[in-house]
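Asker: Quick one: sequence plus predicted model below, questions after.
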Protein chains: 2
Amino acid sequence: MEMGRDYSTAEALEMLGALSQESRLDIFRLLVQSGPDGLAAGAIARHCQLPAPTCSFHLKELKKGGLLKCSRRGRSQIYSVNLQGIRHLLDYLTEHCCTDDSDHEAPSGAGERKPEAA
Amino acid sequence: MEMGRDYSTAEALEMLGALSQESRLDIFRLLVQSGPDGLAAGAIARHCQLPAPTCSFHLKELKKGGLLKCSRRGRSQIYSVNLQGIRHLLDYLTEHCCTDDSDHEAPSGAGERKPEAA
DNA sequence: TCCATGTTTCCAAGTATATTGAAATAAATA
DNA sequence: TATTTATTTCAATATACTTGGAAACATGGA
């Protein structure tokens, strides 16, 4: 019998919820661009033109979704992307939300997601 | 007035919003499993245990997000996944929300974080 | 200690989304 | 036409999310 949904679906749902908001997608993309060193909360707020409390709220949501990690450096709180998180989401979507339709569309060799690089 | 965020981001946001809801993710996964022939709205509602109007609302959201397509067959409205849609989202996330240090499907064993160029 | 700076929490107001019964629409069939 | 079946739209309510000022908290330095 069904004991509720599997853990990964709940996780994916939380990540999707975290990313499906304009300011949060902005923040996340900014941090992807910023690389592993991340950015301080204040710098993020400035870049995204958000008041500090609003930005803090969104950062918390992203962190709760496992998409960001943070650490303190002096007075600053440094946020950076959690690569594992976003990859987890990508894997979930690829596995559960994509048919591997090697049969009825573009021919691609392996059963993996297309690398999309050129 | 809004400064233009690129079209693909607006699209991605709408898709993320469509998928980030429990019932809708349920519906979408059901339709992925069901393959290209899709399912009638009534069958979807039954499978997902949703009242018809609720289900119809979610189907409309998914369709608006470009994740489903539908066509009428007799009295039934047949919904099926729009493969292009979900691929578009996957491509967007891969391109804008993942750093391209491409050892994705790594063996997730001991080392949590792989050493990045620090 | 006090003060300045960076960030978060609290809280209230505003906005958006989800839920469904009832009514409306659409198609097949007699 | 009227009836049955399939689905959607309407409308009202309920729930959840977003926003940002004020206050609180955390840290480093004089």
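Answerer: Yep, that arrived. Residues are numbered from 1 along each chain as shown, chains lettered A, B, ... in the order given.
Asker: can I get the CA coordinates of stretch A:44-52 in CSV?
Answerer: Extracted in CSV, the C-alpha atoms of stretch A:44-52 (Å, rounded to 0.1, in the frame of the first residue of the first chain):
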residue,chain,number,x,y,z
ILE,A,44,23.1,39.4,-3.1
ALA,A,45,20.4,41.8,-1.9
ARG,A,46,22.2,44.7,-3.7
HIS,A,47,22.6,42.8,-7.0
CYS,A,48,19.0,41.6,-6.9
GLN,A,49,17.6,44.9,-5.7
LEU,A,50,15.9,43.4,-2.7
PRO,A,51,15.4,44.8,0.8
ALA,A,52,17.5,42.9,3.2
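Asker: What residues sit buried inside it?
Answerer: Going by neighbour count (16 or more other C-beta atoms under 10 Å in any protein chain shown), the buried part of stretch A:44-52 is A:44-45, A:47-48, A:50. From N, CA and C alone the C-beta is placed, and that goes for glycine too.
Asker: same deal with stretch A:57-66?
Answerer: Neighbour counts over stretch A:57-66 (16+ other C-beta under 10 Å) mark A:58-59, A:61-63, A:65-66 as buried.
Asker: Stretch A:77-93 now?
Answerer: Buried positions in stretch A:77-93, judged by neighbour count with 16+ other C-beta under 10 Å: A:77-90, A:92-93.
Asker: near DNA strand C at all, it?
Answerer: Yes. Applying C-beta under 7 Å from any atom of the strand, one finds stretch A:77-93 touching DNA strand C at A:Gln77.
Asker: Out of the buried residues of stretch A:77-93, flag the one nearest to A:Ser34.
Answerer: A:Ser80 (7.2 Å; C-beta to C-beta).
Asker: Am I right that that closest one falls within a strand?
Answerer: Yes. Assessed by DSSP: H, G, I helix; E, B strand; the rest coil, A:Ser80 belongs to a strand.
Asker: Now it. Nearest residue, chain neighbours left out?
Answerer: Distances taken as C-beta to C-beta, 6 or more residues apart in numbering or on different chains put A:Gly38 closest to A:Ser80, at 2.9 Å, once the chain neighbours are dropped.
Asker: Tell me who's in contact with that neighbour.
Answerer: Contacts for A:Gly38 (C-beta atoms under 8 Å, 6 or more residues apart in numbering or on different chains) come out as A:31, A:70, A:78-81.
Asker: could you redo the last one with a cut-off of 10 Å?
Answerer: By C-beta atoms under 10 Å, 6 or more residues apart in numbering or on different chains, the contact set of A:Gly38 is A:31, A:44, A:68-71, A:73, A:76-81.
Asker: try A:Arg72
Answerer: Taking C-beta under 10 Å, 6+ apart as the test, what A:Arg72 contacts is A:40, A:78.
Asker: Now whichever helix or strand it is part of - C-alpha only, CSV.
Answerer: Applying DSSP states H and E as the criterion places A:Arg72 in strand A:68-73. This file holds the C-alpha atoms of strand A:68-73, laid out as CSV (Å, rounded to 0.1, in the frame of the first residue of the first chain):
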residue,chain,number,x,y,z
LEU,A,68,22.3,26.8,-1.2
LYS,A,69,24.7,26.4,1.6
CYS,A,70,26.1,29.2,3.7
SER,A,71,28.8,30.0,6.2
ARG,A,72,29.7,32.9,8.2
ARG,A,73,32.8,35.0,7.5
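Asker: buried residues in it?
Answerer: By neighbour count on 16+ other C-beta under 10 Å, the buried set for strand A:68-73 is A:68-70.
Asker: near DNA strand D, anything from it?
Answerer: Yes. Counting by C-beta under 7 Å from any atom of the strand, contacts between strand A:68-73 and DNA strand D involve A:Arg72.
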